[in-house]
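Enquirer: Compute the structure for the input listed below.
(chains A and B)
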Amino acid sequence: MNPIDEVLTRGVAEILPSKEGLAKIMAKGPITLYQGFDPSMPSLHLGNLVGLLKLSQFQELGHKVIFLVGDFTGMIGDPTDKLATRKQLSPKEVKENVAKWKEQAAKVLDFEGPNPAKMLFNSEWLSALSMEEFLTICANLTVPQLIERDMFQKRLKEEGTVRVHEFLYPVLQGYDSVAMDVDLEIGGSDQIFNMLVGRTLMQAIKGKEKFVLGTKLLVDKEGNKVGKTTGNALFLDSSPENFYAGIMSFPDTVLPLAYELLTSFPLQGIEAKVKKEPLAEKKRLAYELVKLLWGGASAEAAQKYFERTFQERAPSFDIRVSAGESLAKTISPYTRLESISDAKRIIKQHAVDINGKTVSDAAYVVKVGDKIRVGERTFLIATK
RNA sequence: GCUGGGAUGGCGGAGCGGACAAUCGCACCAGACUGUAAAUCUGGCGGUCGAAAGGCCUACCUAGGUUCGAAUCCUAGUCCCAGCACCA
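Expert: So this is what the prediction gives:
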């Protein structure tokens, strides 16, 4: 498979209007492409990584990559993920988030070098739009075009309503493509509708063909986004140890997909391998990802840490707490509800041990040097 | 504008005067089992005091009220939904 084909196949759910067409213009010369990211969170997560990796593949082939921060659209809230009613972000928050983002994205994308990726903000052009201009843009689209969207259909049926700002969201997102004059937009396959609106606008306003590439989503058998199911989503700015452990808590069944989306390993026979040695394969995946993000030494260390802590059950106790308080009080900040009641409940369930022995006395006074294990993954050491 | 319906824990959704800190499902946490996981089984899942039994506090949109007693009844308000009307 040639490099272009590889990029357009691996981890790709769909390319519109056609893969061949896109391959053709890519062969001709560098194209401009982008993916938008919603700045509602201070950290990039695993799902974002999928997109970043795809962008970097294009970058390696010499194409011009734009990392678009949807700071304007982020303030409205994308109705795609309706469950998470987005809180409004202040410009200051966005700025803070974005600073951290670049650091994280730079682990995968090259922002320096001879073909640097650009970071742009859609508030730059969206804030500047006048009502007149906006309406002119809207004139290129029809209501049926927008309303045919599954999500809206579903919401109309189930909730009976869709808010106008939500309805207009795809228009704004679509206009990004026009403003940046790109050849290609990349996004998760759940973004295809929004991306296609951009295609329509591009055609209408600039008479230009914009391609759309939807990546597969990293989901488990039930269709839940992986990372969400692990309880705490995996963030690119977490520690290598946590990230490694997070990958390890993936269900086995998503491994082949995870390999496809997150690595460049050959996929031949991966299913069989996973079936035969799921543990080893999962560790390999975790190792590779940590290596990609933090380097080989960290990957080594994270793996060792994981083996010690979870496989050999010989964790290192490194969260410091002060001695002298009752056990329940001491561990309460580390419980799910961060309450003393919760701590007591957990103690009652034999989930806490000190120096290797299960403790059932919540009133026990913690002494200096006590090694306290809370649940599966929290290890405290009592100090003065 | 009119007429109905509704607002309950992270989510969905019961309850419709006392036994309600609130059935149940999802999510989550823990234990057993394991290969880290998944699956399964078990327990838990507002706060606080208590070794425990249990007590106290806060909570069913908001503010009042009725009642020995209110998530449940009444009044007012806020927000949401539906139908109709108006407009086109």
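
Enquirer: Please parse chain A into its domains.
Expert: As given by automatic domain parsing, the domain ranges for chain A are A:3-215, A:240-311, A:319-383.

Enquirer: Which is the succeeding secondary structure element to the helix or strand bottoming out on mean pLDDT in chain A?
Expert: Counting by mean pLDDT, DSSP states H and E, chain A has its least confident helix or strand at helix A:150-158, which shows a mean of 63. Proceeding N to C from helix A:150-158, the next assigned helix or strand is helix A:164-180, under DSSP states H and E.

Enquirer: Can you get me the start-to-end distance on stretch A:176-184?
Expert: Length of stretch A:176-184, first residue to last, C-alpha to C-alpha, to the nearest Å: 12 Å.

Enquirer: can you tell me the average pLDDT over it?
Expert: The average of the pLDDT scores along stretch A:176-184 is 94.

Enquirer: So which residues make contact with that stretch?
Expert: Identification of contacts with stretch A:176-184 by C-beta atoms under 8 Å, 6 or more residues apart in numbering yields A:22, A:25, A:31-34, A:36, A:66, A:68, A:70, A:73, A:120, A:122, A:124-126, A:137, A:185, A:195, A:198-199, A:201-202, A:205-206, A:208-213. Backbone N, C-alpha and C define where each C-beta goes, glycine included.

Enquirer: Can you name the helix or strand that the nearest residue to A:Thr358 once chain neighbours are set aside falls in?
Expert: Of all residues not flanking A:Thr358 in the chain, A:His350 sits nearest, at 5.1 Å (C-beta to C-beta, 6 or more residues apart in numbering). Secondary structure here is read from DSSP H and E; on that basis A:His350 sits in neither a helix nor a strand.

Enquirer: burial measure for A:His350, as a count.
Expert: A:His350 has 10 neighbours, counted by other C-beta atoms under 10 Å.

Enquirer: Pull stretch A:19-28 out as CSV, backbone CA atoms only.
Expert: Extracted as CSV, the C-alpha positions of stretch A:19-28 are listed here (Å, rounded to 0.1, in the frame of the first residue of the first chain):
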residue,chain,number,x,y,z
LYS,A,19,-11.3,8.5,-1.3
GLU,A,20,-10.0,8.4,-4.9
GLY,A,21,-10.6,12.1,-5.4
LEU,A,22,-8.8,13.0,-2.2
ALA,A,23,-5.9,10.7,-3.1
LYS,A,24,-5.6,12.5,-6.4
ILE,A,25,-5.2,16.0,-5.0
MET,A,26,-2.9,14.7,-2.4
ALA,A,27,-0.6,13.3,-5.0
LYS,A,28,-0.5,16.6,-6.8
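
Enquirer: mind listing what's buried in it?
Expert: With burial defined by 16 or more other C-beta atoms under 10 Å, the residues of stretch A:19-28 counted as buried are A:19, A:22-23, A:26.

Enquirer: And stretch A:249-263, by the same measure?
Expert: Within stretch A:249-263, judged by 16+ other C-beta under 10 Å, the buried ones are A:249-250, A:254-263.

Enquirer: So, low pLDDT: which residues of the stretch 151-300 of chain A?
Expert: Residue ranges of the stretch 151-300 of chain A with pLDDT under 70: A:151-163, A:220-233.

Enquirer: how about the helices in it?
Expert: A:164-180, A:192-206, A:240-248, A:255-262, A:270-276, A:278-294, A:296-306 (DSSP state H, counting those that start in this stretch).

Enquirer: any chance of those in TSV, with distance to RNA strand B too?
Expert: Converted to TSV, those look like this (distance: least, C-beta to the nearest atom of the strand, whole Å):
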stretch	distance to RNA strand B
helix A:164-180	11
helix A:192-206	22
helix A:240-248	3
helix A:255-262	8
helix A:270-276	9
helix A:278-294	3
helix A:296-306	7
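
Enquirer: Any idea which of those gets closest to A:Pro42?
Expert: helix A:240-248 (15.5 Å; C-beta to C-beta).

Enquirer: Kindly format the C-alpha coordinates of the closest one as PDB.
Expert: The C-alpha trace of helix A:240-248 is given here as PDB (Å, rounded to 0.1, in the frame of the first residue of the first chain):
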ATOM      1  CA  PRO A 240       2.800   8.200  32.300                       C
ATOM      2  CA  GLU A 241       1.900   5.800  35.100                       C
ATOM      3  CA  ASN A 242      -1.800   6.800  35.100                       C
ATOM      4  CA  PHE A 243      -2.000   6.800  31.400                       C
ATOM      5  CA  TYR A 244      -0.500   3.300  31.200                       C
ATOM      6  CA  ALA A 245      -2.800   2.000  33.800                       C
ATOM      7  CA  GLY A 246      -5.700   3.600  32.000                       C
ATOM      8  CA  ILE A 247      -4.900   1.800  28.800                       C
ATOM      9  CA  MET A 248      -4.700  -1.400  30.700                       C
END
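
Enquirer: Cheers, nothing more for now.
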